[in-house]
Structures are given as structure tokens and as C-alpha cells.
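# build me a model from this:
(one chain, ligands or ions: 1)
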Amino acid sequence: MTQARGFVREIELPQIHDPRGDLTFVEGGNHLPFDIRRVYYLYNVPVDAKRGGHAHKELEQVVFALSGSFRIKIDDGTSRSEYWLRDPRKGLHISRLVWREMDSFSQGAVCMVLASLPYDEADYFRCYEEFRAAVSREMR
Ligand code: TYD
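Model (predicted):
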């Protein structure tokens with residue numbers, strides 16, 4: 001069943017620390033509330049670039065900063081918030097129906113995204129007004 005309202009929440013993955021370095025792992029359906037169907041990552045991002053600028057009809061994602069840092073601005077159609085990702089253990093779970101914009105990438109930042117579905121352009125809201133209209137319909 002799909003939930004009516006969009007949401008975000010921070011998740012923290014396990015860390016195995018030893019003198020050789022740190023190791024973090026993630027299991028779909030265990031550390032994440034969905035099976036991982038796709039992984040993609042952003043890198044070589046210019047520091048003044050803006051990414052995102054869309055919401056999804058069904059897709060859920062968890063976003064990590066594997067290296068460096070960046071900001072994610074969140075809008076669920078009624079309220080706005082922002083998060084800074086900079087710890088490879090800490091991800092931001094973004095549900096369906098959440099408008100997100102990402103900016104302020106540090107030099108060499110790597111953003112990894114774990115996604116619940118394969119890529120499908122038909123799942124995107126790329127127009128903010130269409131996104132707001134969909135949120136209003138679901139809240140009626
Ligand atoms: P887009 O989702 O707009 O990137 P971002 O949200 O990071 O700004 O995707 C940019 C381009 O890459 C667009 O043409 C779609 C394509 N793309 C794929 O082909 N597969 C994918 O898994 C993703 C995420 C994007």
C-alpha cells in the first residue's frame with residue numbers, strides 16, 4: 001500500500017571500525033524498508049551545480065554522501081526542510097511525493113542513491129505545479 005503523504009527520515013547504517021579503516025553495509029529490506037532495485041551515483045559535480053528538482057510518483061530512495069558533502073532541500077507540498085549529508089553512514093530516506101533539490105556539493109563529493117524501482121521517466125514529476133496538484137489530490 002502506498003502512503004498518502006510524502007516524508008523524509010534519517011537512517012543510520014552499521015559501522016565496523018578497526019585500525020584498517022571503517023566498513024559500512026546496507027541490506028535491502030533490513031536497513032532499508034524496501035528491496036534495492038537500482039543504485040546510481042553522482043560524481044564530478046561542479047560546486048555550483050543544482051541537481052534534483054523533481055519528485056516521484058512511486059519511487060522511494062535513500063541518499064548518501066559517500067564522500068564530501070551536499071545539501072538536500074525537501075518540500076512535501078506543505079512544508080519545507082533541509083538536510084546536509086556528510087557522513088557515509090547516514091542516509092536520507094525520501095518517500096514518494098517529495099520534491100527535492102540538491103546543491104552546495106563539496107569538491108569531489110560522491111552521492112550514492114539506493115532506489116526501490118528501476119529508472120522510469122514516467123515516474124517523475126518534473127513540474128512543481130503538477131507535483132503540488134498531486135499532493136492536493138491525495139490530501140483530499
Ligand atoms: P535526473 O534524475 O534528472 O538527475 P538528478 O535528479 O540527479 O538531477 O537524471 C539525469 C539524466 O539521467 C536524465 O536524462 C535521466 C538519466 N537517468 C537514467 O538514465 N537512469 C537513472 O537511473 C537516473 C537516476 C537518471
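
# all helices of the chain, in order?
In the chain, the helices defined using DSSP state H lie at 128-139.

# spell out which residues of it are next to the ligand.
Residues of the chain found near the ligand (C-beta under 6 Å from any ligand atom) are 38, 40, 42, 51, 52, 119. In short, each C-beta sits where N, CA and C put it, glycine included.

# out of those, list just those in strands.
38, 40, 42, 51, 52 (DSSP state E).

# give the bridge partners for the fourth one, please.
What that stands for is residue 51. Per DSSP bridges, the residues bridged to residue 51 are residue 102.

# what's the per-residue pLDDT of it here?
What the model reports for residue 51 is a pLDDT of 98.

# just give me the neighbour total for it.
Using other C-beta atoms under 10 Å, residue 51 has 15 other residues around it.

# thinking it is in contact with residue 102, fair?
Yes - between residue 51 and residue 102 there is a contact under C-beta atoms under 8 Å: 4.3 Å.

# need the residues touching each of those two.
Taking C-beta atoms under 8 Å, 6 or more residues apart in numbering as the criterion, residue 51 and residue 102 both touch residue 111.
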